[in-house]
Each structure stands twice: as structure tokens, then as C-alpha cells.
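Trainee: sharing a model that was predicted from the sequence below.
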Amino acid sequence: MLVAPASQQIIATYKNRPVTLAILGSGAWGSALAHIAATNHHTVRLWSRSGSVSLRNAVVGADVILSAISMKGVLDLVTQLKSLAIPETTVLMTATKGFDPETTLTPSVIFQQAFPNHAVAVLSGPNLSKEIEAGLPAATVIACVNETAAEAVQHVFASDHFRTYTSTDPLGAELGGTLKNVVAIAVGVCEGLNLGSNARSALITRALPEVMRIGTHLGGHPETFLGLSGLGDMLATCTSALSRNYRVGYGLAQGKSLEQVLEELGSTAEGVNTAYVLHDIAQREQLSAPISQQVYLLLKGDISATEAVAALMERKLKAEDYQEVLQCE
Ligand SMILES: NC(=O)C1=CN([C@@H]2O[C@H](COP(=O)(O)OP(=O)(O)OC[C@H]3O[C@@H](n4cnc5c(N)ncnc54)[C@H](OP(=O)(O)O)[C@@H]3O)[C@@H](O)[C@H]2O)C=CC1
Ligand SMILES: O=C(CO)COP(=O)(O)O
């Protein structure tokens, strides 16, 4: 009989008992996740860079460390965590949606490179934090190549109004959540211009193969983009004014400057940075990303919202072909 290594055996126990979690980032999402975990009777330490508890004290002895900070702080946070002796029995989790501008890597890849022997899990799905804070039902994906760890944290966060599914595709789950933020800006523009339900539906539907083409090229599994962390998150974000990315697009369509929109938002809208990094990735990898490209040009101030719409409508006519994205594994 195959015996699991000692660290795996310890991680497996997390699904049956209260655990200690360090949640890093006390913004909207970190706070909502901390609330879920605390309601499930786990011990939660909510850390923020401006708080009184040091990072060392927040993570010492934690069974699970979950990072829910904005993308711009991830590289620095991981460097700080690396200097602390974090045992391999600690499951590392990330709930950030974005690309690092310097390396173009996603948070889970940054974590896994820094901690090659740890289980690194992604939590991602259609999870508008305001609805979750209000106790409305929602579902999410917990993705980790280490299935024992995925199952363990699935139980840590599951509740009667937060349903958790496991997956073994952390990169795909993370890319779905990251790439849809750019689409949400595009759909916000569409709504801000009052282009109607047909246009919104066409935009979301055509964005799916774009997200799948980029996401699978970067290593995600095609089917992941059809699940909660892909299509699910895209639908939630593109159809709700609670989405900050959607609100960025909506404001731009009303003629506001990006600076004004972001100031009024006063909160993180990762799609802005993602559109810039994605532009670099698409150029580097020769990927076609027409919707994201128009968002990039709009954010840069090179074109107006109406010009972005016209550019998409005037593209060369073609077949509606999904073979490329469905066969790309
Ligand atoms: N809100 C939501 O509905 C959801 C958000 N997400 C993702 O979660 C991430 C965080 O979003 P959200 O909580 O909403 O954003 P907020 O703007 O509410 O909070 C951002 C958090 O990141 C922290 N932070 C920012 N920069 C740094 C840094 N350089 N070092 C350390 N911490 C930093 C902030 O700390 P401080 O308070 O000190 O500034 C704050 O805790 C984003 O990637 C977002 O896409 C994912 C799913 C749902
Ligand atoms: O990722 C989210 C919902 O799943 C939150 O979307 P926004 O960052 O656009 O608010």
C-alpha cells in the first residue's frame, strides 16, 4: 500500500477540523473570505500591511495562508513570505486576479516558483464580494494540483451559502478570473453607450473564445474556461454594476477620464493593469485578442469608446469557428 508523505497526511486533516488561517489583505475580498472562514469556526488572522500585526506573527503556525491583496503587491509579499520559515504542511492560497506587470506571471505561478514544495491553491469564481458579505448564495473553485490540499481547503471554506468545487487546474482557474476583468471593462463600455442586449450578448459570447485562446496558450485547460472560474465569473462580472471593472468601462463610455473613474471607484479594478500586461503578452506570443486590444487602446486614451465599438464591428468577416479553442490541449 502506498503511504502518503507526512505533510500530505497532515494537510488531509484540515478538512475534518478547525484550522488556523492567515488571510493577507483586508480589502473587500480578504475581509469577505475571512468572514466565511470565521463563520465556519476556524481561527482567522486578517493581516494588512497597514495593520499592527507583523506578517511574521500573522503567518506563524498557520495551516492555511491565503493572499487576497491587489496584484501590484504580490511579488513583494511573496518575497517577504519567502524569508519566513513556512512549513510544507501550510497550504498557500491566492485569490488575486491579475498578471504581475514585471514578469507577466500570475500569482499562483509566483507563489509556486517561490515555494516549489508547497501546495499552492487558487480560489476563483463568480464572487462579487458585496453579495457574499450579504450572505447571498455563491459558488467558487478551489484549484490545486495537489488534490489532497484542494479537498482540504474545499471543506475549510464550504458553507450552506458558499459552495466550493475542486479542480486540478490552478492556472486555468486564475487565468479565467484575470482575463474576464478586461472583458468586463468592454461590457461596461457597451452598457455605458446604451448599445442594447444584443450587443452585450455578442460581446460576452465572442469574448469567451478570446479568453480561451489566450488562457489555453498560457497553460490553462480548455474546459476550465467553461466552468465557474471562467464563463461563470465572466457572466457575474459582465452583468453586474457591483463589478468595479464593469464600472471602469461604464465611466469611460460616459466620457470620464480613466483617472476620474479610478478616483471615484476608490478600490481595485485589476482589469486596467491586466489590459496593459495582456497587450504585451499578446504581442510577444502573437495572440489574437481583438476585444482586449480595443480595451487597451481605450484605456491608453488612443481611441474613444465609439471608435472601439466601430473597430470591433468592422473587423474582417469570418466563420464562427470554435475548433481552435476546443481542440487546443
Ligand atoms: N472584491 C471582489 O469582489 C473580489 C476581488 N478579487 C480580487 O482580489 C484582489 C483584491 O481585491 P479587493 O479586496 O476587492 O480590493 P481592495 O481594493 O478592496 O483591497 C486591496 C487590498 O490589497 C492590499 N494591497 C494593495 N497593494 C498592496 C501591497 N503593495 N502590498 C500589500 N497589500 C496591498 C490593500 O491593502 P491596504 O488596505 O493596506 O491598501 C487591500 O488590503 C484583486 O486581485 C481582485 O481582483 C477576487 C474576487 C472577488
Ligand atoms: O472578480 C470579481 C467577481 O468574481 C470582482 O469583480 P470586480 O473586481 O470587477 O469588482
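Mentor: Yes, it's here. Residues are numbered from 1 along each chain as shown. Ligands and ions are numbered 1, 2, ... in the order given.
Trainee: C-alpha only now, for contacts and for neighbours.
Mentor: Noted.
Trainee: quick one, strands of the stretch 201-329 of the chain?
Mentor: Under the criterion DSSP state E, counting those that start in this stretch, the stretch 201-329 of the chain contains no strands.
Trainee: neighbours around the residue of the stretch 151-300 of the chain found nearest ligand 2, how many?
Mentor: Closest approach between the stretch 151-300 of the chain and ligand 2, counting by Cα to the nearest ligand atom: residue 243, at 3.4 Å. Using other Cα atoms under 10 Å, the number of residues around residue 243 comes to 21.
Trainee: you'd agree it is up against residue 127?
Mentor: No: judged on Cα atoms under 8 Å, residue 243 makes no contact with residue 127 at a distance of 9.9 Å.
Trainee: return the residues of this structure in contact with ligand 1.
Mentor: 25-30, 48-50, 68-73, 95-98, 127-129, 267-268, 270 (Cα under 6 Å from any ligand atom).
Trainee: mind giving me the PyMOL command for buried ones among those?
Mentor: Selection of buried members from the residues of the chain next to ligand 1 for PyMOL, criterion 16 or more other Cα atoms under 10 Å:
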select buried, resi 25+26+27+28+29+30+48+68+69+70+71+72+95+96+97+98+127+128+129+270
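Trainee: got the contact list for the residue of the stretch 151-300 of the chain closest to ligand 2?
Mentor: With contacts defined as Cα atoms under 8 Å, 6 or more residues apart in numbering, the neighbours of residue 243 are 128, 184, 237.
Trainee: just the closest of those to ligand 1, please.
Mentor: Nearest to ligand 1 among the contacts of residue 243: residue 128, at 3.7 Å, using Cα to the nearest ligand atom.
Trainee: would you confirm that the closest one contacts residue 242?
Mentor: Yes: using Cα under 8 Å, residue 128 is in contact with residue 242, at 7.0 Å.
Trainee: can you narrow the residues of the chain next to ligand 1 to ones near ligand 2?
Mentor: Okay, of the residues of the chain next to ligand 1 touching ligand 2 (Cα under 6 Å from any ligand atom), that's 127-128.
Trainee: could you tell me which residues of the stretch 51-200 of the chain lie near ligand 2?
Mentor: Counting by Cα under 6 Å from any ligand atom, the stretch 51-200 of the chain sits next to ligand 2 at 125-128, 181.
Trainee: make it 8 Å
Mentor: Neighbours of ligand 2 within the stretch 51-200 of the chain, by Cα under 8 Å from any ligand atom: 97, 124-129, 177-178, 181, 184.
Trainee: what would those residues look like in TSV with secondary structure, pLDDT and distance to residue 112?
Mentor: Below are those laid out as TSV (DSSP: H, G, I helix; E, B strand; the rest coil; pLDDT from 0 to 100; distance: Cα to Cα, whole Å):
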residue	secondary structure	pLDDT	distance to residue 112
97	coil	98	16
124	strand	98	17
125	coil	98	20
126	coil	98	24
127	coil	98	24
128	coil	98	26
129	helix	98	26
177	helix	98	18
178	helix	98	18
181	helix	98	23
184	helix	98	28
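Trainee: now do the contacts for residue 22.
Mentor: Going by Cα under 8 Å, 6+ apart, residue 22 touches 44-47, 58-59, 62, 64-66.
Trainee: which of the helices or strands spans it?
Mentor: Element membership for residue 22, per DSSP states H and E: strand 20-24.
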